[in-house]
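Chemist: A predicted structure for the sequence below; I have some questions about it.
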Amino acid sequence: RRVCDSTVVKSSGRNIPPDCPGENHGEKREIPLMGHVGKTGDRIDLKTIVRRLISVYDQMEEEDSYRSWYDAAGMTAKEVMRGLRRLEKLKYISISDFEVIKRFRSLDEFMETMEEGQGKLFLKKRLSGMSAADIAKEQGKSRQRISQVLDEVLAEIPITHIKEARRTIDIFREYAVDHEFFTEVLLEKKETFYLLKQKCNKERIRDGVKKSKLDCLNQLLPDQRIRFLHAESLFEDENGDVVKMTKRNLMKKYFFMHGRDADSTKNHHVRYSEFLDEELHGKKSVIEEYGIALHNFESTIAESSYCIHSYDQKVRYFEVDRIVEEKANLEKLFMLPEGIYSTSFVYETNESYFRSLDIKDHHELHNVLKRMLDLDFIKIRRIPEFAIGVEDKIKWFTGLIKKLSPITLDAFIDHLEQNFGLH
């Protein structure tokens, strides 16, 4: 049995949607609902019924039972039945034998079905980004009146009915995003952002405050993530950390990823341009902004801590942290008698140790001494030389000759090579 218009009638044995011809004996189907039907004197007008059903629309499942809608709406079975029929005609829902199924429309499609009038006009302007105050000033009405009309119109738009709102509401609710994020990152219309702002502005935010939009990075799809980083002038560095996009940071990532082999700065510069094209996904305007001329490229390398100069004026990426960690041990290797030395003297004596620190030749060792170790008892001379306790090379030579005399020129040269690494 089923309840219909306060009269108990026999059912065909299954739930039947409204206003459809019956399969058995041509009977007219009604929505099966449980509960009591309201008294005639308590009758609510259809417009109020529809508004009440729309007000619970967002809390209903995409496919839900008639009983669930009845329980949520708090109205009689007959009223809910009338309201659901109307919602079906308005394309909010469709009705099957057993369930009420939500329908979804784009914001544009929804706007097209709205009646022309102040409500539609004010809503269009509000969703374009105008404030209620601006609309009031333009239309010659009070702000309170504009807000009142907007509230009435917005009450007819369930969030879960609008396709764009459905796919973006979680990010909007949790993160402090703006309309530019919607248009540049999510590639949504700004109207979607302003709709959500109007509909959700009175919601209680989880933990009292929205998270920074940077925190939503891991929630984005790969393409959205790229657009977000570019929009914020950020990128992922060589360690995968999100950092400010600067020419220096981009150069460091290039050398970390592609510059570990020693090569000329000119060749590195060519490969850096190729790296930029890949890293910035071929966006010409951004590539032009972060491109760098060769002479500036060379200057940046000279000032950087992540590059080391090798033999024949070549450069490559270098991990300076290891040098900082090993400074005490390195200092001991340079505790030598007074004199002028070639870094080859120290390098060849401890080659395996230096290679473990990624120092590949004595030219690189000289660069480490000059730019990374900062030992106060060493005076850096022209590559590959360094001095300990010596200011004047000529005076040191003459003093050494006097000390070793009598000595032949060949023997003196051998002495310099064996004890100081000088050639």
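Modeler: Yep, that arrived. Being a predicted model, the structure only gives us computed values, none of them experimental.
Chemist: Give me the phi and psi for I380.
Modeler: phi -80, psi 130 (degrees, to the nearest 10).
Chemist: What's opposite it in the beta bridge?
Modeler: Taking DSSP bridges, one finds F386 as the beta-bridge partners of I380.
Chemist: confidence score at it?
Modeler: On the pLDDT scale, I380 is placed at 95.
Chemist: and if you look at S6?
Modeler: In this model, S6 is scored at 33, pLDDT.
Chemist: quick thing: my sequence starts at 20, can you match it?
Modeler: In the new numbering, first residue 20, that becomes S25.
Chemist: could I get stretch 183-203 in CSV with only the CA atoms?
Modeler: Backbone C-alpha positions of stretch 183-203 (Å, rounded to 0.1, in the frame of the first residue of the first chain) are rendered in CSV as follows:
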residue,chain,number,x,y,z
GLU,A,183,32.3,24.1,-11.6
ALA,A,184,31.5,24.6,-7.9
ARG,A,185,31.4,20.8,-7.3
ARG,A,186,35.0,20.4,-8.5
THR,A,187,36.5,23.4,-6.8
ILE,A,188,34.7,23.8,-3.5
ASP,A,189,37.0,21.7,-1.4
ILE,A,190,40.0,23.8,-2.3
PHE,A,191,38.0,27.0,-1.8
ARG,A,192,36.9,26.0,1.7
GLU,A,193,40.3,24.8,2.9
TYR,A,194,42.8,27.2,1.4
ALA,A,195,43.0,31.0,1.1
VAL,A,196,42.8,31.2,-2.7
ASP,A,197,41.7,34.2,-4.8
HIS,A,198,40.0,34.7,-8.1
GLU,A,199,43.4,34.7,-9.9
PHE,A,200,44.1,31.3,-8.5
PHE,A,201,40.8,30.1,-10.1
THR,A,202,41.5,31.7,-13.5
GLU,A,203,45.3,31.1,-13.8
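Chemist: Give the buried residues for it.
Modeler: Counting neighbours by 16 or more other C-beta atoms under 10 Å, one finds that the buried residues in stretch 183-203 are 183-184, 187-188, 190-191, 193-194, 196, 198, 200-203. (Glycine included, C-beta is placed from N, CA and C.)
Chemist: The spatially most central residue of the chain and D395: what is the separation?
Modeler: In the chain, the residue lying closest to the centroid (C-alpha atoms, centre = their mean) is L236, at 3.4 Å. Counting by C-beta to C-beta, to the nearest Å, the gap from L236 to D395 is 45 Å.
Chemist: quick one: low-confidence parts of the stretch 220-369 of the chain?
Modeler: Confidence mapping of the stretch 220-369 of the chain against pLDDT under 70 gives the ranges 221-227.
Chemist: swap the cut-off to 90 and go again
Modeler: Low-confidence segments of the stretch 220-369 of the chain, defined by pLDDT under 90, are located at 220-229, 237, 300-305, 324, 330-332.
Chemist: mind listing the strands in it by residue range?
Modeler: Listed in chain order, the strands of the stretch 220-369 of the chain (DSSP state E, counting those that start in this stretch) span 230-231, 253-255, 261-263, 326-328, 334-336, 358-361.
Chemist: Please apply the same query to the stretch 70-219 of the chain.
Modeler: Applying DSSP E, counting those that start in this stretch to the stretch 70-219 of the chain gives strands spanning 82-84, 112-114, 118-121, 194-195.
Chemist: do you know which of those lies nearest K139?
Modeler: Taking C-beta to C-beta as the criterion, strand 112-114 is the member of the strands of the stretch 70-219 of the chain that comes nearest to K139, at 22.0 Å.
Chemist: Tell me the buried residues in that closest one?
Modeler: When burial is assessed from 16+ other C-beta under 10 Å, strand 112-114 yields the following buried residues: I112, I114.
Chemist: Ok, stretch 166-178 next?
Modeler: Taking 16+ other C-beta under 10 Å as the neighbour-count basis, stretch 166-178 is seen to contain the buried residues S166, V168, L169, V172, E175, I176, P177, I178.
Chemist: What count of nearby residues applies to E307?
Modeler: Each residue near E307 was counted by other C-beta atoms under 10 Å, and the total is 10.
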